[in-house]
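Peer 1: Sharing a model prediction with you, sequence too.
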Amino acid sequence: MTGRGRWIADFNESFRNFRINDVEFDAFVHGNTRMKGFLLSRLFSFLLNPNYSIGCFFFSTDSVKNFDKKHLIKLITVVKSCMKEKEDEMKWAWLFLFGTENIEMLRKYVEGVDDQTVGIVLLDVNSKNIMHSNSYLGKQAKRYIKI
């Protein structure tokens, strides 16, 4: 994952139809902030970059008949529980929501989330607009995503 010429994360695992309890995400990618590369890149990364575990969860809101605030809260809760369960405990996690229907209603839900532990990003597939939660991770994700 790169953005504006800066390396954000090196993802090394990806899963489709990733299930946690009774929620099935369309995709899940997992990695860390340590760069891989040649000797100098690895040395630079080892000395200067923290080794944070990172996860990105992808969910299509169109797959749920009436996606509402309850569904969003449930997704956030599931992501937070997965962050704690991982053996190296994820430091950063993003929840990417994709949709084509009820985007204005979803935008209000996403922008109203006050949780600072998960970055939430809503992507309108039709207009290619990107909306985000008010958390630091949500704001940063918008800087690095290009559709």
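Peer 2: Sure thing, it's come through.
Peer 1: Leaving out sequence neighbours, find the closest residue to residue 33.
Peer 2: Distances taken as C-beta to C-beta, 6 or more residues apart in numbering put residue 52 closest to residue 33, at 4.6 Å, once the chain neighbours are dropped. In this view, the C-beta of every residue, glycine as well, is placed from N, C-alpha and C.
Peer 1: how close does that neighbour sit to residue 90?
Peer 2: Between residue 52 and residue 90 the computed distance is 8 Å (C-beta to C-beta, to the nearest Å).
Peer 1: Same drill for those two, tell me which one is more crowded.
Peer 2: Counted by other C-beta atoms under 10 Å, residue 52 and residue 90 do not tie: residue 90 has more neighbours, with 20 against 15.
Peer 1: which SS state does residue 30 fall under?
Peer 2: Secondary structure, DSSP: H, G, I helix; E, B strand; the rest coil: residue 30 is strand.
Peer 1: Longest helix in this protein, please.
Peer 2: When the chain is parsed with DSSP state H, its longest helix is helix 69-85.
Peer 1: Who are the packing partners of that helix?
Peer 2: Applying 3 or more C-beta pairs under 8 Å, 6 or more residues apart in numbering; DSSP states H and E, we find helix 69-85 packed against strand 10-20, strand 23-32, strand 53-60, strand 92-99, helix 103-111.
Peer 1: Please state the offset of that helix from the chain centre?
Peer 2: 12 Å (C-alpha atoms, centre = their mean, to the nearest Å).
Peer 1: same deal with stretch 134-147?
Peer 2: For stretch 134-147 - counting by C-alpha atoms, centre = their mean - the centre lies 9 Å from the chain centre.
Peer 1: Tell me which residue lies nearest the centroid of the chain.
Peer 2: residue 94 (1.9 Å; C-alpha atoms, centre = their mean).
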